[in-house]
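> Pasting a predicted model and its sequence here:
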Amino acid sequence: LKQGEYPGNLAILIRSHGKCKLATEFLNLYGIRTYYHADMLYEQPVIKDIISLLNLWSKTKKSEHAFLRLLRNKLGSEMIISLTTEYINDKSLLRLTDYALSLNNKIGEVARGIMKEIHQIKTQNTGTLVWNILKIGKAYHEPVGDNYTTKKKWHALNRFREVLNTYCQTYSKNDPHEFIDFINIQKEVDDEPLAPLDELAGLPAVRVMTVHSAKGMEFKHVFVPFLRSGTFPHRYQSMVILDRLPISWQRWDIENRDEKKLHYEEERRLFYVAITRAMETLTLFAPLKYQSPFIKE
C-alpha cells in the first residue's frame, strides 16, 4: 500500500470466517481499510421479522417465538421480560400468545393490533400472502435515499422475493403453508448468502474473504495467513453425531480411501484454489513451529 498499490488489488484469503474477522479487526486498528462481506439472507433482521409474521399467520410451532419477536420490536426487551415473568408467576393455562392478548394494558393492546392485521389476510396464494405480510411489516416504508441501512434492508427484501418467485415457479404457488415450512428449513440451514451492494464491492479497500468465497476470482497480490497445522488444513474430526454430509458421499470413486484421507484431499484442493488466485505475487504466512503440511510440501 505504501508503494501506491490500489487496495482493491490486494486480497487476504483465509480458511474460516472467524479468522477473517480477526484479520479485519487487526488491519483496521492500523488504519488499513478492509472490505469483508459475509452477510447471510436469513440473518437480516427484516427477513427474521417477515418470517415471524408468516409463522404467526400459519400458526406453526414457531408462532410463539415469532409473536415474542414482533412484540419486542414494538415494546422493547424489558416489557417482554415483564410479560414472561408475569406469565410464569400466574401459572396460566393459556398459551403465551393468548395470555398476552387477554391483558388490559399496553402489551395487550399492541398484541391485539399485531394479530388483527395478520388475521385479516385471507388468501391461499403464496405471492399474495407474502406481499400482504410485507405491507403489514411496512418493509418498504422508508425512502431508500442514500441511507446504507435502508439500502441493505431493501436489498435483503428483494433477494427474499427472488427466493419466493423461484419457489412458486418450481413448486405450488397455492400452498402457502408448504412455502412457510420450506422457509423455516432454509432459515435453519442458513446457507443463502446475501450478495454485497454494488457500491460496496467497488470500495478502495483490501479484500478479506474465505478461500471458498474467492473461487473464480483473481487478484494482483494474494496473502494467505494462518497456515498452521490444524488450522489449514482443518483438523479432521470424525462425526459422533452426523453434522455434515460425509465426504465419501460426494465422490463417485473413493477406492479404498477412508473419510480422513478424503478430508485432507479436499483441504489440499482448497489450498490450491487459494494460491492460484494470485496474478503477480503470493505471500504465505506460517509459524516456525507447527507449520501447515502444505507449506512443507
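Great, that's in hand.

> Residue 280 belongs to a helix?
No - checked against DSSP: H, G, I helix; E, B strand; the rest coil, residue 280 lies outside a helix; its state is strand.

> Show the contacting residues for it.
Residue 280 sits next to 220, 221 when contact means C-beta atoms under 8 Å, 6 or more residues apart in numbering. C-betas here are computed from N, CA, C, even on glycine.

> Could you do the one 3 residues further on as well?
With contacts defined as C-beta under 8 Å, 6+ apart, residue 283 is in contact with 221, 222, 223, 224.

> Hmm, the last one is touching residue 281, no?
No - the criterion here is C-beta atoms under 8 Å, and residue 224 misses it with residue 281 at 11.6 Å.

> follow-up on the earlier one: out of the contacts of residue 283, which is nearest to residue 32?
residue 223 (11.8 Å; C-beta to C-beta).

> Kindly confirm my reading that the closest one forms part of a strand.
Yes - for residue 223, which was evaluated using three-state DSSP, the result is membership in a strand.

> Look up the residues forming beta bridges with it.
Legend: beta-bridge partners of residue 223 under DSSP bridges are residue 12, residue 283.

> I'd assumed residue 23 was in contact with it.
No - if you go by C-beta under 8 Å, residue 223 and residue 23 don't touch, sitting 9.1 Å apart.

> shared neighbours of those two, which are they?
When C-beta under 8 Å, 6+ apart defines a contact, the residues bordering residue 223 and residue 23 alike are residue 12.

> hang on, the earlier thing: neighbour count: residue 224 and residue 281, which is higher?
Taking neighbours as other C-beta atoms under 10 Å, residue 224 and residue 281 compare with residue 224 leading, 25 against 11.

> For residue 109, pull up the helix or strand it's in.
In the assignment (DSSP states H and E), residue 109 maps to helix 106-119.

> With residue 63 as the reference, measure out to residue 84.
Going from residue 84 to residue 63 by C-beta to C-beta, to the nearest Å gives 16 Å.

> and these two? which has more neighbours close in?
Under the neighbour definition other C-beta under 10 Å, residue 84 and residue 63 were set side by side, and residue 63 has more, 19 against 14.

> The more buried one: what's it in contact with?
For residue 63, the residues meeting the contact criterion (C-beta under 8 Å, 6+ apart) are 55, 56, 97.

> Who wins on neighbours among the residues you listed?
Neighbours here mean other C-beta under 10 Å. Within those, the largest count is held by residue 56, at 24 neighbours.

> And it, how far from residue 111?
The spacing between residue 56 and residue 111, counted by C-beta to C-beta, is 11 Å.

> tell me, what's touching residue 224 and residue 281 both at once?
Between them, residue 224 and residue 281 share no contacting residue, judged by C-beta under 8 Å, 6+ apart.

> if we can go back for a sec, among the contacts of residue 283, the buried ones, what's the PyMOL command?
Once 16 or more other C-beta atoms under 10 Å is used to decide burial, the buried members of those can be selected in PyMOL as follows:
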select buried, resi 221+222+223+224
